[in-house]
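Asker: have a look at this fold, sequence not included:
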């Protein structure tokens, strides 16, 4: 692998690790904390998080890494730059496990939460289901991002 492509793969591994770290924080303590407080407060906090996460800093890490993954996959498939199949596999894991799961599973859950009345009686039960389901899929995103980071990092170091 050329030095330029090694740098591309390392940057992608770094972005994947950052994204995995963000997801890990939510899985390990943010969602647990939100589930411990009254449902209306947890719902309001998560509704606010879902609005404030839509920012350039998060998008740069999350979607910027996805763009780098796409570049690795395209360049790897056409055989350019000596990218290994491991680099392509790591990029695919990130795209499917983080971007795919986010768009197909977590975002629809967030959209459902956004329109819930936090003071409605039925909302407390809906909140418990949301926390359970959202956190489950966030675990998947966390694992995918961190596994992708490991695969990409190993590939960049010539171990894959």
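Answerer: Cool, the structure landed. All of these numbers come straight from a predicted model, not from anything done at the bench. Numbering: from 1, shown residues only.
Asker: in terms of secondary structure, what does the helix of greatest length in the chain contact?
Answerer: For the chain, the helix with the greatest residue count under DSSP state H is helix 123-156. Applying 3 or more CB pairs under 8 Å, 6 or more residues apart in numbering; DSSP states H and E, one finds that helix 123-156 contacts helix 3-25, helix 31-36, helix 39-52, helix 85-94, helix 101, helix 107-114. Every residue, glycine included, has its C-beta placed from N, CA and C.
Asker: residue 64 is nearest to which of these?
Answerer: For the helices and strands packed on helix 123-156, the distance to residue 64 is smallest for helix 3-25, at 6.0 Å, taking CB to CB.
Asker: what is the orientation angle of that closest one with helix 123-156?
Answerer: Comparing the axes of helix 3-25 and helix 123-156 via axes from the mean of the first three to the mean of the last three CA atoms, to 10 degrees yields an angle of 150 degrees.
Asker: identify each buried residue in helix 3-25, please.
Answerer: Neighbour-count burial for helix 3-25, counted by 16 or more other CB atoms under 10 Å, picks out 5-6, 8-9, 12-20, 22-24.
Asker: that one: how far from the chain's middle?
Answerer: In terms of CA atoms, centre = their mean, to the nearest Å, the centre of helix 3-25 is set 12 Å apart from its chain centre.
Asker: which strands and helices lie in contact with it?
Answerer: helix 56-77, helix 85-94, helix 123-156.
Asker: again, only using 6 Å
Answerer: Packing partners of helix 3-25 (3 or more CB pairs under 6 Å, 6 or more residues apart in numbering; DSSP states H and E): helix 56-77, helix 123-156.
Asker: distance check, the residue positioned nearest the centre of the chain against residue 16.
Answerer: Nearest residue to the geometric centre of the chain (CA atoms, centre = their mean): residue 98, 4.0 Å. Distance, residue 98 to residue 16, by CB to CB, to the nearest Å: 8 Å.
Asker: quick one on the thing from earlier: closest one to residue 52 out of the buried residues of helix 3-25, please.
Answerer: Taking CB to CB as the measure, residue 52 lies nearest residue 22 of those, at 12.9 Å.
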